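please find the sequence and the predicted model below.
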Amino acid sequence: MPKINLFTKIVLILVAMLLPIMGLYLISNRTSTGVLRSELDRSNTNRLVFFQNQIDTNISTMALWTNLLIHDPDIAELRDTFDNPGPSLPLDMITLINRIQRKLSIQENSSNWQNSLYIYSPALGRVVSSNDVRTYDDAELKKRMKRGWQVKEESDGRLLFSLFTATPYGSFDHPQDANLIIEVRFDSRNIAQMLDEFKSDGRRDPFFYKKGVGAIFSSDPNRAVAGELIRKLEAEGTMDVSNQTVRLGGKPYLVNSQWSATTGWHLIDYIPLSDVVGPIVETNRMFYAAVGSLLLMGCVLAYVLYAQVQAPLKQLVGSFLKLKLEDYSVRLKPKGTNEFSFVFMRFNSMVEQIQELFEKVYLERIHVREARLKQLQSQINPHFFYNCFSFISSMAKMQNYPAVVAMAENLSSYYRYTTRQERDFVPLSEELDFVGSYLEIHKLRRNRLEVRIDLPSRLRRIEIPPLVVQPLVENAIVHGIEKKDGEGMIALTVSERDGELRIVVDDNGKGMDEKAREELLRRLGSAMDETTGCGLWNVNQRLQLRFGESAGLNVEASPLGGLRVTLRWRPKTSNPAEARAYA
């Protein structure tokens, strides 16, 4: 499972803290919005009911006028007149009509609405209004007489409301039997004026609507929205729903409706929902902006803590891990002047001191290894010289002076080479010349020894540690050829493959079985004891000290019938002389 850094942890904590707050706010906001919507619906309903009552009151009041006027004495006197005076009215009738006109005027002015009262006298054949007396069309009147409020659309678009009362009351369905007919009229401008006062806050646009009759709007209506609203309410059959939300043109509207039992009209009020919840939406936006700002500031704070604390700690821990893996070149770059800069500088100082200490220890180890090499070189076959001197002594006694001279020259070359221990590396050609002198000495002592050396010219200048090939040849002679009868043969081959140099020494001597070879290889890789041969072990150790663990000796069966010893190593390019020779 991946580790979570400090920055992620702080951000997660901030989110975990803000989520409950946002959840509580959303619940509270939803509850508040619901309460506000409920209260707004109740308030709008109350307003509509109050306004509707005002309209109904005015209409009901005017509806009572007809019944009140019938019982007025002067109007009753007119009702009881049955004689038609003809084209001219008598003086007493004119006086009566004047009194009636004054009463009609007073009655009309008792209301804030503009209205008109008309008294039709079938006996006189005249209609009396507050400012006129004229004849009327009896057929047209009888045609218009119906129970309840009648609505008629005028040529200018106004709606004219009228209400009739007849006496006797039973003559309403038979106008020809009526003694007197009273009509009260008003038009929709009165309602429009009240609608203008009702929408004084500027956000509302109420109107009246009755199916099959039409609509009454304020003086400045939005007829397009109102028309679309009417069509949608009619289509959905929700005209009688008091409170509802209707979407018009993709925009939600809060719609309130009230039906009047007096007139049979619907009072409809609508307002864009955005106007109602706009402050709440703005508050929500401010809250979310505040939460976003808080989260952003928290992330910035988390990043600062991460960059100033965790990141330097991670660098410090990573540097200690590299130091544990012996990478002493690691350094930290101080930034700023905070506490971590001081720690980084102290860390760099500590690593420099450790690196210097290890370099000193490493140099001391190199010096110790060099001294050990010198010691190993000096331990190679000191008894060989005793055998050579014994040969010279024997040949001198036998007066075989050429053999003495040859032995002395080869021994001189051999001794001169082995005593030149001031050099750490020698050319391969010199090492093989030294091996040749050594083999010539053995050929003087043993005539049945055949030697074959294969050294490519391109490898003659390769530099190797001195005295690493001669012990292999000596081992082949002493432990292989001299323990077997017959002719002896030694083949020495130098080759290079894939950057690795090999010197192979084959002999046709006694050889070793597989178990013995495995045991020899085990001893070469272990510490030297009294059972381990000195020569091969020294060569193996020297190669590994010089060229690493991959260098050393390998032992296997030889195609010549004896033993094959392979010397292998990879030249180090850091050695300039060896690199030039190899090139």
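That came through fine.

point out where this structure drops to low pLDDT.
Within the chain, the stretches with pLDDT under 70 are 1-7, 82-86, 175, 201-203, 362-363, 365-384, 419-422, 446-447, 527-534, 573-583.

what domains does the record give for it?
For the chain, automatic domain parsing gives the domain ranges 328-370, 379-582.

ranking those domains by burial, who's on top?
domain 379-582 (a mean of 16; mean count of other Cβ atoms under 10 Å). For glycine as for every other residue, the C-beta is placed from the backbone atoms N, C-alpha and C.

touching stretch 323-332 from outside, list them.
Contacts to stretch 323-332, defined as Cβ atoms under 8 Å, 6 or more residues apart in numbering, come from residues 315, 316, 319, 322, 344, 347, 348, 351, 354, 355, 358.

which ones among those map onto helices?
315, 316, 319, 322, 344, 347, 348, 351, 354, 355, 358 (DSSP state H).

ok, of the residues you listed, which one's closest to residue 511?
Among the ones in helices among the contacts of stretch 323-332, residue 358 lies closest to residue 511 (Cβ to Cβ), at 46.7 Å.

who touches the closest one in this structure?
Residues near residue 358 by Cβ under 8 Å, 6+ apart: residue 328.

secondary structure element for residue 42?
Per DSSP states H and E, residue 42 falls inside helix 6-70.

so how far is that helix off the chain centroid?
40 Å (Cα atoms, centre = their mean, to the nearest Å).

please report how far residue 406 lies from residue 467.
Noted for residue 406: a distance of 23 Å to residue 467, by Cβ to Cβ, to the nearest Å.

show me where the stretch 51-200 of the chain has its helices.
Remark: helices assigned in the stretch 51-200 of the chain by DSSP state H, counting those that start in this stretch are 73-79, 91-109, 138-144, 189-198.

leaving out chain neighbours, which residue sits closest to residue 230?
Spatially, and ignoring its direct neighbours in sequence, residue 230 is nearest to residue 209 (5.9 Å; Cβ to Cβ, 6 or more residues apart in numbering).

excluding chain neighbours, what is closest to residue 208?
Closest residue to residue 208 apart from its sequence neighbours, by Cβ to Cβ, 6+ apart: residue 216 at 4.1 Å.

determine the number of other residues adjacent to the one you found.
Residue 216: 25 surrounding residues under other Cβ atoms under 10 Å.

list the residues that contact residue 158.
By Cβ under 8 Å, 6+ apart, residue 158 lies in contact with 187, 188, 189.

repeat the analysis, applying 10 Å as the threshold.
152, 187, 188, 189, 192, 216 (Cβ atoms under 10 Å, 6 or more residues apart in numbering).

and if you look at residue 567?
So residue 567 contacts 464, 468-469, 471-472, 494, 501-505, 539-540, 543, 551-554 (Cβ under 10 Å, 6+ apart).

let's see which of those end up in helices.
Reading helices off the contacts of residue 567 with DSSP H, I get 471, 472, 539, 540, 543.

so the first one sits against residue 537, correct?
Yes - counting by Cβ atoms under 10 Å, a contact exists between residue 471 and residue 537, whose distance comes to 9.4 Å.

quick check: neighbours shared by those two?
Joint contacts of residue 471 and residue 537 (Cβ under 10 Å, 6+ apart) are residue 553.

run through the bridge partners of the residue nearest to residue 230.
residue 215, residue 266 (DSSP bridges).

tell me how far residue 217 lies from residue 195.
Residue 217 is 7 Å from residue 195, by Cβ to Cβ.

likewise for residue 565?
Taking Cβ to Cβ, one finds residue 565 at 122 Å from residue 195.

for residue 547, same thing?
Distance from residue 547 to residue 195, by Cβ to Cβ: 110 Å.

same check, this time on residue 566
From residue 566 over to residue 195 (counting by Cβ to Cβ), the distance is 117 Å.

using a markdown table, lay out the contacts of stretch 323-332 together with distance to residue 232.
Shown next, in a markdown table, are the contacts of stretch 323-332 (distance: Cβ to Cβ, whole Å):
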| residue | distance to residue 232 |
| --- | --- |
| 315 | 69 |
| 316 | 71 |
| 319 | 74 |
| 322 | 76 |
| 344 | 74 |
| 347 | 77 |
| 348 | 79 |
| 351 | 82 |
| 354 | 86 |
| 355 | 87 |
| 358 | 90 |
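
looking at the residues you listed, which is nearest residue 487?
Closest approach to residue 487 among the contacts of stretch 323-332 (Cβ to Cβ): residue 358, at 56.1 Å.

now the closest one: how far from residue 364?
Distance from residue 358 to residue 364, by Cβ to Cβ: 10 Å.

what does residue 403 give?
Taken as Cβ to Cβ, the span from residue 403 to residue 364 is 50 Å.

now do residue 163
Taken as Cβ to Cβ, the span from residue 163 to residue 364 is 129 Å.

is residue 476 in a helix, a strand, or coil?
Counting by DSSP: H, G, I helix; E, B strand; the rest coil, the backbone at residue 476 sits in helix.

wait, what's in contact with the closest residue to it other than its chain neighbours?
Leaving aside its chain neighbours, residue 476 sits nearest to residue 507 (3.9 Å; criterion: Cβ to Cβ, 6+ apart). Residue 507 sits next to 472-473, 475-477, 479-481, 484, 488-492, 558, 560-565 when contact means Cβ under 10 Å, 6+ apart.

wait, a strand at residue 430?
No - counting by three-state DSSP, residue 430 is located in no strand; its state is helix.

can you tell me, leaving aside adjacent residues, what's nearest to it?
For residue 430, the closest residue by Cβ to Cβ, 6+ apart turns out to be residue 417, at 7.4 Å.

that neighbour sits in which helix or strand?
helix 401-418.

OK, contacts around residue 252?
Neighbours of residue 252 in contact, by Cβ under 10 Å, 6+ apart: 245, 246, 272, 273, 274, 276, 277.

I meant to write residue 549 there.
Counted by Cβ under 10 Å, 6+ apart, residue 549 has contacts 525, 543.

residue 204 versus that one, what's the distance?
For residue 549, the distance to residue 204 - Cβ to Cβ - is 97 Å.

and for residue 16?
The gap separating residue 16 from residue 204 is 46 Å, by Cβ to Cβ.

between these two, point out the one with more neighbours.
Between residue 16 and residue 204, residue 204 has the larger neighbour count (other Cβ under 10 Å), namely 17 against 9.

confirm that the more buried one sits in a strand.
No - counting by three-state DSSP, residue 204 is not part of a strand but coil.

against residue 469, how distant is it?
To residue 469, residue 204 is 115 Å away according to Cβ to Cβ.

before we move on, what about residue 73?
According to Cβ to Cβ, residue 73 stands 162 Å off from residue 469.

what of residue 551?
14 Å.

so where do the strands sit in the stretch 201-350 of the chain?
For the stretch 201-350 of the chain, applying DSSP state E, counting those that start in this stretch gives strands covering 207-210, 214-216, 243-248, 251-259, 266-272.
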